[in-house]
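Undergrad: Give me a 3D structure for the following:
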Amino acid sequence: MEKKVWENPLTMVQQFVPNEYVAACGDENKVYKFKCDAPVGLIQGWVYLETNGEPGLQRVSSNPDTFLGGPYHPCGETHEAPVTDEFKLGYYCKDLVSIFRPEQVIVWGGPEGDNIHCTTNLNQDSWETAKS
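TA: Numbering: from 1, shown residues only. Below is the predicted model of the structure:
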(Lines give C-alpha, C1' and ligand atoms only; values in the text may rest on other atoms or scores of the structure.)
Protein backbone atom coordinates (compact mmCIF):
# COMPACT_ATOMS: atom_id res chain seq x y z
CA MET A 1 0.00 0.00 0.00
CA GLU A 2 1.30 3.41 -0.95
CA LYS A 3 1.20 6.22 1.55
CA LYS A 4 -0.06 9.56 0.24
CA VAL A 5 1.61 12.76 1.38
CA TRP A 6 -0.13 16.11 1.45
CA GLU A 7 1.71 18.90 -0.44
CA ASN A 8 0.78 22.58 -0.27
CA PRO A 9 -0.41 23.96 -3.60
CA LEU A 10 2.38 25.83 -5.44
CA THR A 11 2.02 28.74 -7.80
CA MET A 12 4.63 29.15 -10.50
CA VAL A 13 5.11 32.69 -11.82
CA GLN A 14 7.17 33.55 -14.86
CA GLN A 15 8.42 37.05 -15.48
CA PHE A 16 7.41 38.52 -18.85
CA VAL A 17 10.47 39.31 -20.92
CA PRO A 18 9.71 41.10 -24.20
CA ASN A 19 11.68 39.94 -27.20
CA GLU A 20 11.40 43.32 -28.96
CA TYR A 21 11.58 46.93 -27.87
CA VAL A 22 8.43 48.81 -28.78
CA ALA A 23 8.23 52.50 -27.95
CA ALA A 24 4.86 53.61 -26.72
CA CYS A 25 4.87 56.95 -28.48
CA GLY A 26 7.99 56.96 -30.66
CA ASP A 27 8.97 60.31 -32.13
CA GLU A 28 5.41 61.51 -32.52
CA ASN A 29 5.23 65.15 -31.39
CA LYS A 30 8.88 65.04 -30.26
CA VAL A 31 10.88 68.20 -30.92
CA TYR A 32 14.49 69.27 -30.79
CA LYS A 33 15.23 72.45 -28.87
CA PHE A 34 18.22 74.25 -30.32
CA LYS A 35 19.51 77.79 -30.36
CA CYS A 36 19.85 79.65 -33.66
CA ASP A 37 23.33 80.92 -32.78
CA ALA A 38 25.52 80.63 -35.85
CA PRO A 39 27.58 82.60 -36.42
CA VAL A 40 28.69 83.93 -33.06
CA GLY A 41 28.46 87.70 -32.84
CA LEU A 42 25.46 88.22 -35.16
CA ILE A 43 27.69 88.98 -38.15
CA GLN A 44 25.91 88.80 -41.50
CA GLY A 45 27.21 86.39 -44.10
CA TRP A 46 26.26 83.55 -46.46
CA VAL A 47 25.06 80.01 -45.77
CA TYR A 48 25.81 76.97 -47.95
CA LEU A 49 24.87 73.32 -47.73
CA GLU A 50 27.85 70.98 -47.85
CA THR A 51 27.16 69.08 -51.06
CA ASN A 52 30.52 68.63 -52.81
CA GLY A 53 32.87 67.44 -50.06
CA GLU A 54 34.91 70.66 -50.12
CA PRO A 55 33.55 73.03 -47.43
CA GLY A 56 34.49 76.61 -48.12
CA LEU A 57 35.53 76.12 -51.73
CA GLN A 58 32.13 76.72 -53.26
CA ARG A 59 33.25 79.78 -55.24
CA VAL A 60 36.44 78.34 -56.70
CA SER A 61 35.34 74.76 -57.24
CA SER A 62 34.03 73.44 -60.53
CA ASN A 63 31.45 71.57 -58.41
CA PRO A 64 30.00 74.30 -56.17
CA ASP A 65 28.12 73.67 -52.91
CA THR A 66 24.46 74.59 -52.70
CA PHE A 67 23.96 78.25 -51.80
CA LEU A 68 21.10 78.69 -49.31
CA GLY A 69 21.02 82.40 -48.73
CA GLY A 70 22.50 85.59 -47.51
CA PRO A 71 23.07 87.98 -46.11
CA TYR A 72 22.13 85.79 -43.17
CA HIS A 73 22.44 86.38 -39.43
CA PRO A 74 21.13 84.27 -36.54
CA CYS A 75 17.90 85.25 -34.83
CA GLY A 76 19.29 84.14 -31.44
CA GLU A 77 16.07 82.32 -30.48
CA THR A 78 15.70 78.77 -29.20
CA HIS A 79 13.56 76.89 -31.71
CA GLU A 80 11.43 73.79 -31.26
CA ALA A 81 11.79 71.77 -34.44
CA PRO A 82 10.14 68.38 -35.02
CA VAL A 83 12.73 65.59 -34.91
CA THR A 84 11.27 64.36 -38.19
CA ASP A 85 12.30 67.60 -39.96
CA GLU A 86 15.39 67.63 -42.13
CA PHE A 87 18.60 68.98 -40.59
CA LYS A 88 21.52 69.38 -42.96
CA LEU A 89 25.25 69.90 -42.56
CA GLY A 90 26.31 73.24 -43.92
CA TYR A 91 28.64 76.14 -43.28
CA TYR A 92 28.62 79.86 -42.86
CA CYS A 93 31.01 82.31 -44.52
CA LYS A 94 31.11 85.88 -43.28
CA ASP A 95 33.02 87.25 -46.31
CA LEU A 96 35.03 86.25 -49.37
CA VAL A 97 38.13 85.57 -47.27
CA SER A 98 36.30 83.17 -44.94
CA ILE A 99 35.33 80.80 -47.75
CA PHE A 100 38.62 79.10 -46.97
CA ARG A 101 37.84 79.03 -43.21
CA PRO A 102 34.11 78.33 -43.06
CA GLU A 103 32.22 77.79 -39.82
CA GLN A 104 30.42 74.44 -39.86
CA VAL A 105 26.76 74.60 -38.89
CA ILE A 106 23.64 72.48 -38.90
CA VAL A 107 20.89 74.09 -40.95
CA TRP A 108 17.16 73.84 -40.30
CA GLY A 109 14.73 75.24 -42.87
CA GLY A 110 12.18 76.58 -40.39
CA PRO A 111 8.58 75.48 -39.86
CA GLU A 112 7.71 75.82 -43.54
CA GLY A 113 11.14 74.80 -44.89
CA ASP A 114 11.66 78.24 -46.39
CA ASN A 115 13.73 79.98 -43.72
CA ILE A 116 17.33 79.49 -42.61
CA HIS A 117 18.23 78.79 -38.98
CA CYS A 118 21.74 77.59 -38.08
CA THR A 119 23.41 76.25 -34.97
CA THR A 120 27.06 75.65 -34.19
CA ASN A 121 26.17 72.67 -31.97
CA LEU A 122 26.96 69.92 -34.47
CA ASN A 123 26.13 67.08 -32.07
CA GLN A 124 22.39 66.55 -32.51
CA ASP A 125 22.44 63.81 -29.87
CA SER A 126 23.22 66.50 -27.28
CA TRP A 127 20.25 68.69 -28.24
CA GLU A 128 17.46 68.92 -25.70
CA THR A 129 14.25 67.17 -26.72
CA ALA A 130 10.68 67.57 -25.57
CA LYS A 131 7.13 66.59 -26.46
CA SER A 132 5.21 69.37 -28.16
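
Undergrad: CA only for contacts and neighbour counts going forward, please
TA: Noted.

Undergrad: those strands in this structure, which residues are they?
TA: Along the chain, counting by DSSP state E, strands occupy 30-35, 45-49, 66-72, 78-82, 87-93, 103-108, 117-119, 128-131.

Undergrad: which one of the ones you listed is the most hemmed in?
TA: Comparing the strands of the chain by mean neighbour count (mean count of other C-alpha atoms under 10 Å), strand 117-119 ranks first with a mean of 26.

Undergrad: Give the other helices and strands that it contacts.
TA: strand 103-108 (3 or more C-alpha pairs under 8 Å, 6 or more residues apart in numbering; DSSP states H and E).

Undergrad: ok, residues contacting the strand it packs on?
TA: Applying C-alpha atoms under 8 Å, 6 or more residues apart in numbering, the contact partners of strand 103-108 are 38-39, 49, 85-93, 115-122.

Undergrad: quick one on the thing from earlier: just so I know, which of the strands of the chain lies nearest residue 8?
TA: Closest of the strands of the chain to residue 8 is strand 128-131, at 51.6 Å (criterion: C-alpha to C-alpha).
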